[in-house]
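Chemist: Starting from these lines, generate the structure:
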Amino acid sequence: MDDRVSAMRSGNLGDAVTRGFGGAGLFSDGKLCLSPRIGSTVSHRFDPSHVSARQYSIDEILRSGEPAEVHGADTEAAARLEKSAAAAGLEYVHYPVRHVGTDQLPGMLNRLWTRLAPRATIACRTTCIGLRPSGRHDFRWELELDGPEFRRVHAVNVVLAPGKVGASWLVEVGRELGLRRDEAVPKIGFRLEGAKEFLSPLLKVATDPKVIWSGSDGVEVRTHCVCYGGDVVAADYHGLTLVGGHSTSAHTKDRSNSAIIATAGPSFPLSVDDAHSLVAAINSRHRGVMSQRLGAFLPETSVSTGQMVNGFSPSLPDAVPGDFTAEFPTAIVSALQSFLYRLARLCPEVLNPDNFLYGPAVERWASRFTVTDSMEAPGHPGLYLVGDGPGLTGGIIGAAETGWLAGDAITAQERH
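Modeler: Have a look, this model is predicted:
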């Protein structure tokens with residue numbers, strides 16, 4: 001964990017963003033989304049009041065005393081924004097968010113470590129190479145590990161929570177064990193960065209506003225992980241360089257950003273392998289992250305300057321300039337452009353030609369595995385799949401909730 005904190009302070013993040021104690025979510029900027037509608041594909045199975053109670057308990061455990069205000073309590077403002085979005089052909093999804101902030105996460109993680117260490121062995125820098133049924137009568141599973149302390153472990157119950165960075169590994173494990181899953185449908189796009197207040201009509205209502213456009217033939221584009229007064233950052237995912245966003249609790253930077261991600265539906269089905277190849281090619285041509293002025297991405301005749309406000313310092317000034325209209329499939333480019341024009345009806349500053357695009361940004365890498373209500377893999381007693389890695393969740397709280405459900409099931413089993 002100390003290595004992750006040192007990387008954060010030095011600015012040389014590498015894969016520290018995606019690997020280590022707390023996972024990728026608890027080393028981002030700590031957005032805790034408190035809604036059954038957001039961040040989970042399984043919460044709809046349960047009574048909303050039970051989901052809400054679990055989420056707020058998880059919130060208290062994770063923060064472990066770290067102060068963080070809940071945003072999004074103004075339901076009247078949310079209703080007005082929802083109406084304005086509908087008029088622009090968009091859907092606005094409102095939910096409360098507690099934003100911890102990148103600066104407060106190290107302290108929060110330290111307290112979590114202190115709480116867990118007396119109760120469990122925490123083995124960082126340890127890779128799970130393989131998982132197979134155990135040949136011993138007293139254990140169900142055998143894990144092959146590569147780490148400084150452990151090489152082989154036998155267990156009655158195993159909870160796999162590899163996160164997004166381990167999604168491809170889990171697919172290989174799933175093939176070997178015959179686990180049921182649906183293929184992932186990745187969303188691809190970029191980070192849009194502008195002056196600090198360029199998304200203020202949204203941010204006045206919510207900390208992490210979700211605005212979605214559902215076009216014809218399965219096209220969908222949405223905002224994702226909005227960072228007010230924060231940075232666009234590069235992160236390593238299995239040798240691929242993608243962009244994400246961070247912001248501190250004080251929101252001190254003169255810029256804000258949001259991911260804009262799209263899928264083109266059946267007209268351009270994008271598989272995980274397709275997305276991987278596309279990102280690898282962009283990384284190779286641009287030595288990692290590429291950037292582009294918004295004015296160069298949108299048709300020039302359609303960009304309106306109006307009363308645009310300039311004046312922000314780009315997060316990644318050394319990113320290699322490129323052209324997303326050439327790098328992305330035409331169907332994706334068209335969907336992203338259409339969405340930006342619609343979003344500008346809510347936030348006119350979105351169309352400032354001096355805004356920056358950074359990419360690529362990709363979400364939904366993970367295939368969605370089939371699990372029971374207790375997160376157990378059907379037909380594989382004692383094997384539980386939780387979090388973002390098996391495609392069940394998309395965020396800190398949702399991922400933690402699936403772990404909670406698996407833990408409850410294991411505890412009930414041991415008591416029985």
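
Chemist: List the beta-bridge partners for Phe190.
Modeler: Ile260 (DSSP bridges).

Chemist: My guess is it contacts Ala259. True?
Modeler: Yes - at 7.4 Å, Phe190 counts as touching Ala259 under the criterion of CB atoms under 8 Å. For glycine as for every other residue, the C-beta is placed from the backbone atoms N, C-alpha and C.

Chemist: so what sits against both of these two?
Modeler: Common contacts of Phe190 and Ala259, defined by CB atoms under 8 Å, 6 or more residues apart in numbering, comprise 243, 361.

Chemist: These two: which has the busier surroundings?
Modeler: Higher neighbour count among Phe190 and Ala259: Phe190, with 29 against 25, using other CB atoms under 10 Å.

Chemist: quick one: contacts for the more buried one?
Modeler: Contacts of Phe190 (CB under 8 Å, 6+ apart): 243, 259-260, 324, 336, 357-361.

Chemist: how does it look with 7 Å?
Modeler: 260, 324, 357-361 (CB atoms under 7 Å, 6 or more residues apart in numbering).

Chemist: In strands, which of those fall?
Modeler: Using DSSP state E, the subset of the contacts of Phe190 located in strands is 260, 357-361.

Chemist: Quickly list what Cys33 is bridged to.
Modeler: Here Cys33 sits in beta bridges with Val97, going by DSSP bridges.

Chemist: now the closest residue in space to Val226 that isn't next to it in sequence: how far from Ala264?
Modeler: Excluding the flanking residues, the one nearest Val226 by CB to CB, 6 or more residues apart in numbering is Ser258, at 4.2 Å. Distance of Ser258 to Ala264, given as CB to CB, to the nearest Å: 20 Å.

Chemist: So between these two, which is more surrounded?
Modeler: Neighbour count, other CB under 10 Å: between Ser258 and Ala264, Ser258 has more, with 30 against 25.

Chemist: Would you mind identifying the next helix or strand past the helix or strand in which the more buried one is found?
Modeler: Applying DSSP states H and E as the criterion places Ser258 in strand 255-263. Tracing the chain past strand 255-263, the next element assigned as helix or strand by DSSP H and E is helix 272-286.

Chemist: Give me the buried stretch members for that next one, please.
Modeler: Across helix 272-286, burial judged by 16 or more other CB atoms under 10 Å covers 272, 275-276, 278-279, 282-283, 286.

Chemist: Tabulate the residues you listed (JSON lines), appending distance to Gln413 and pLDDT.
Modeler: Below are the buried residues of helix 272-286 laid out as JSON lines (distance: CB to CB, whole Å; pLDDT from 0 to 100):
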{"residue": "Val272", "distance to Gln413": "33", "pLDDT": "87"}
{"residue": "Ala275", "distance to Gln413": "38", "pLDDT": "92"}
{"residue": "His276", "distance to Gln413": "38", "pLDDT": "92"}
{"residue": "Leu278", "distance to Gln413": "43", "pLDDT": "95"}
{"residue": "Val279", "distance to Gln413": "41", "pLDDT": "96"}
{"residue": "Ile282", "distance to Gln413": "47", "pLDDT": "97"}
{"residue": "Asn283", "distance to Gln413": "45", "pLDDT": "97"}
{"residue": "His286", "distance to Gln413": "50", "pLDDT": "96"}
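
Chemist: Tell me the one of these nearest Trp404?
Modeler: Distance to Trp404 across the buried residues of helix 272-286 (CB to CB) is lowest for Val272, with 27.9 Å.

Chemist: The residue lying closest to that closest one once chain neighbours are set aside - how many residues pack around it?
Modeler: Spatial nearest neighbour of Val272, chain neighbours left out: Ala184 (5.2 Å); criterion: CB to CB, 6+ apart. Here the number of neighbours of Ala184 (other CB under 10 Å) works out to 19.

Chemist: avg pLDDT for stretch 205-221?
Modeler: For stretch 205-221, mean pLDDT rounds to 93.

Chemist: which of the residues in it are buried?
Modeler: Within stretch 205-221, the residues that count as buried by 16+ other CB under 10 Å are 205-211, 213, 215, 219-221.

Chemist: ends of that stretch, how far apart?
Modeler: Its first and final residues considered, stretch 205-221 spans 20 Å by CA to CA, to the nearest Å.

Chemist: Which residues outside it are in contact with it?
Modeler: With contact meaning CB under 7 Å, 6+ apart, stretch 205-221 is reached by 31, 33, 71-72, 74, 77-78, 81, 85, 89-94, 97, 99, 202-203, 222-223, 225-226, 260, 262-267, 335-336, 338-339, 342-343.

Chemist: Which of the residues you listed fall within helices?
Modeler: Mapping these onto helices (DSSP state H) picks out 77-78, 81, 85, 202-203, 335-336, 338-339, 342-343.

Chemist: ok, those vs Leu62, which is closest?
Modeler: When the ones in helices among the contacts of stretch 205-221 are ranked by distance to Leu62 (CB to CB), Leu203 comes first, at 23.2 Å.

Chemist: distance of the closest one from Glu349?
Modeler: Taking CB to CB, one finds Leu203 at 12 Å from Glu349.

Chemist: Tell me where the stretch 251-400 of the chain is predicted with low confidence.
Modeler: 300-310 (pLDDT under 70).

Chemist: any idea of the pLDDT on the residue sitting furthest away from the middle of the chain?
Modeler: Largest separation from the mean C-alpha position in the chain: His137, at 39.7 Å (CA atoms, centre = their mean). We have a pLDDT of 87 for His137.

Chemist: what do you get for the one 5 residues further on?
Modeler: Here, the pLDDT recorded for Glu142 equals 96.

Chemist: can you pull the contacts of it?
Modeler: With contact taken as CB under 7 Å, 6+ apart, Glu142 is in contact with 132, 134, 152, 154.
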